[in-house]
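Participant: coords please:
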Amino acid sequence: MFEEKNRTRILVTGANSLLGTNVILELLGRGYLVRGFLRDRKKFKPRGLNIELIEGDITNKKELTGALEGCEAAIHTAAVTSPGLSPEIYKRVNVNGTLNFTESAKICGLKRIVFVSTANTIGYGNADHPGDETAPPKKPFTGLPYADSKIRAEKIVLSAAAEASPEAVIVNPTFMIGAWDSKPGSGQIITLAWGKKIIFVPPGGKNFIPVADASAGVCNALEKGENGQRYLLAGVNMKYIEFFRLLRKVSNSRSRLVKLPAPFMLAAGFFGSLFYSAGIRTRVTLTTMKILCTYNYYASGKAVDKLDLPLSPLENAIREAVEWFNKEGMLK
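Facilitator: Take a look at the predicted model:
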């Protein structure tokens, strides 16, 4: 879609996030001019890159419009993803911020935008019948403020796509693993287990994707995605016990893996929800425990066929994440 990449400027919101940083590296590798939009440029980890960084907030339409001026396209990765926040925060950032993004993109005359949503807005399946883009969202994700905010944000993006002003594509990545996870975010599954003699493992499973593969999928959506379409960026479906076995292999660890029974998890979640309703903030709620007991598996067929989504070994991504966390002093 963009023939002269060295003259095509792409804005990436959430530039310092796990996916945002990797998308920027992928775009630069493809020869694009890149502008990163973030709240604090000091938090952008890569150094020595030919990139323009602009500080701002996606909830500030004026700042966002200013950052989009002179760009041909944009990729919107910025979002609030942390669990347990108030619904108002998810609405302000994920919903209203996305509305600002689409309206600003139209004002600035962009050709195309890519909106990064989440697989949680798509119904999961099991190992034999994994979920795909046609499946509606389902419990226990429906009703979660984060997932609901992304569902609402997708509707905003699809409305923009209906007018093709600009063209809009949605990508729905699953659980991403890899380097440049500066919070850490999804990488907590590694950092929290690292060095433990005993690792307590949930009974469920999920779809994991190397962040480098997800980044390639995002950039391919920019170049060849169809206006108004959604693409699941999915990798490998894996039980949690299988993931931690891989982590143990990468770390040369002899950690003992103890699989927790679902009834225990649900009971803990029940009491956690009681505490939460009493004003005690905790991540252990009945909904989060149900998620950890669920096999939320997805299929990548559409993205592989239409976007040439790469499918790399997850073990490599875990190793890259471990090397990154170790370099940053996040592993103890």
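Participant: What are the boundaries of the helices in this structure?
Facilitator: Listed in chain order, the helices of the chain (DSSP state H) span residues 18-29, 61-68, 87-90, 97-107, 145-163, 188-191, 211-224, 240-251, 262-277, 286-292, 301-307, 314-327.
Participant: Include distance to residue 75 when you put the ones you listed into CSV, please.
Facilitator: In short, each C-beta sits where N, CA and C put it, glycine included. CSV is the format used below for the helices of the chain (distance: least, C-beta to C-beta, whole Å):
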stretch, distance to residue 75
helix 18-29, 6
helix 61-68, 11
helix 87-90, 20
helix 97-107, 10
helix 145-163, 12
helix 188-191, 24
helix 211-224, 6
helix 240-251, 28
helix 262-277, 34
helix 286-292, 27
helix 301-307, 14
helix 314-327, 21
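Participant: For residue 171, find the nearest of those helices.
Facilitator: Across the helices of the chain, residue 171 has its closest neighbour in helix 211-224 (5.1 Å, C-beta to C-beta).
Participant: returning to that earlier point: and the helices of the chain, which one's lowest on average pLDDT?
Facilitator: Note on the helices of the chain: helix 262-277 shows the lowest mean pLDDT, a mean of 89.
Participant: circling back to that earlier point, quick one: closest of the helices of the chain to residue 198.
Facilitator: helix 240-251 (11.2 Å).
Participant: re earlier: what's the closest of the helices of the chain to residue 177?
Facilitator: helix 314-327 (4.5 Å).
Participant: Report the buried residues of that closest one.
Facilitator: The neighbour-count check on helix 314-327 (16 or more other C-beta atoms under 10 Å) flags 314, 317, 318, 319, 320, 321, 322, 324, 325 as buried.
Participant: ok, so what distance separates the last one from residue 184?
Facilitator: Distance from residue 325 to residue 184, counting by C-beta to C-beta, to the nearest Å: 7 Å.
Participant: Likewise for the fifth one?
Facilitator: As defined by C-beta to C-beta, residue 320 lies at a distance of 13 Å from residue 184.
Participant: Can you tell me, leaving aside adjacent residues, what's nearest to residue 270?
Facilitator: Leaving out its chain neighbours, the residue that sits closest to residue 270 by C-beta to C-beta, 6 or more residues apart in numbering is residue 286, at 5.3 Å.
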